[in-house]
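S.K.: got a structure for you, letters missing:
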Ligand SMILES: CC(=O)[C@@H](O)[C@H](O)COP(=O)(O)O
Ligand SMILES: NCC(=O)COP(=O)(O)O
């Protein structure tokens with residue numbers, strides 16, 4: 001069992017849950033027909049080490065996470081009742097089938113094109129809003145929390161709230177690329193202002209994209225109320241050197257340092 005407390009309990013402690021994105025384990029696995037490295041085993045080792053959730057982003061071209069991975073991880077997560085399953089994707093493409101079949105704890109709507117290299121922008125509201133509204137309602141009717149992937153734009157938070165979404169996921173690439181440069185403080189201020197606007201409207205806050213061990217503490221110190229970070233690329237790269245367990249523990253230490 002997960003030795004740490006559940007994400008909802010963490011919220012009350014003012015701490016942040018770590019959801020490990022295992023896309024890149026699948027990417028490596030898919031270069032042979034041998035089934036290694038195992039996505040399921042990677043997720044299990046991360047949960048055993050104290051991760052509070054698993055994230056996948058099954059892209060339409062199945063370049064990494066495949067349909068069977070989504071189902072296998074859903075089965076695994078049933079053995080981890082305190083951990084959360086977060087599925088990311090574009091609800092106008094393949095995402096809703098997964099939501100209907102698997103009913104994860106959370107779905108993150110991301111406005112990616114079918115052949116997107118990697119996610120690189122948030123939703124454009126209100127332009128995309130009316131397409132999203134019925135899909136948000138359907139997810140919520142299935143008991144699935146909905147988070148919208150958003151750029152750091154305080155003024156857009158009212159549109160998110162008006163759509164009835166539960167959370168935003170702050171797209172953090174601009175912070176990651178500014179980290180350690182003279183632009184860092186100014187860029188972080190935009191994230192802080194967006195989080196404050198979201199909190200004032202009762203929205204929950206997640207964050208992700210290019211977060212890593214060096215930049216995570218600074219982000220969480222500056223941005224209030226972050227309930228969950230989903231981290232994949234850097235964390236799996238670290239795990240190639242350190243192993244999953246030591247890597248997850250190290251990211252947890254980075255999170256703890258933000259609230260020390
Ligand atoms: C939604 C998001 O932030 C992405 O980071 C995404 O989940 C990663 O996708 P890739 O692993 O395909 O780059
Ligand atoms: N939602 C972001 C995510 O799951 C992982 O992004 P990255 O760490 O792979 O950039």
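M.R.: Sure, I can see it. Predicted model, so just to flag it, every value in this text is computed and none were measured. Ligands and ions are numbered 1, 2, ... in the order given.
S.K.: quick one: contacts for the residue nearest the centre of the chain?
M.R.: In the chain, the centroid-proximal residue (Cα atoms, centre = their mean) is residue 230; its distance is 3.4 Å. Counting by Cβ atoms under 8 Å, 6 or more residues apart in numbering, residue 230 touches 19, 20, 21, 53, 55, 86, 88, 108, 169, 206, 207, 208. Quick note: C-beta positions are derived from backbone N, CA and C, even for glycine.
S.K.: Go again with 6 Å.
M.R.: 19, 21, 55, 208 (Cβ atoms under 6 Å, 6 or more residues apart in numbering).
S.K.: Now distance to residue 184 too, for the residues you listed, in TSV please.
M.R.: TSV is the format used below for the contacts of residue 230 (distance: Cβ to Cβ, whole Å):
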residue	distance to residue 184
19	24
21	24
55	25
208	18
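S.K.: and the residues you listed, which of them are in helices?
M.R.: Per DSSP state H, helices hold no members of those.
S.K.: out of these, which are buried?
M.R.: Using 16 or more other Cβ atoms under 10 Å as the burial test, the contacts of residue 230 include 19, 21, 55, 208 as buried.
S.K.: restrict these to contacts with ligand 2.
M.R.: Among the buried ones among the contacts of residue 230, the residues lying close to ligand 2 (Cβ under 6 Å from any ligand atom) are 21, 55, 208.
S.K.: Is the residue nearest to the centre of the chain bridged to anything, and to what?
M.R.: Counting by DSSP bridges, residue 230 forms beta bridges with residue 19, residue 208.
S.K.: Tell me how far it lies from residue 141.
M.R.: 24 Å (Cβ to Cβ, to the nearest Å).
S.K.: So which residues of the stretch 51-200 of the chain form strands?
M.R.: 53-56, 84-89, 106-109, 145-150, 167-171 (DSSP state E, counting those that start in this stretch).
S.K.: Among these, which comes closest to residue 252?
M.R.: Comparing the strands of the stretch 51-200 of the chain by their distance to residue 252 (Cβ to Cβ), the top pick is strand 53-56, with 12.6 Å.
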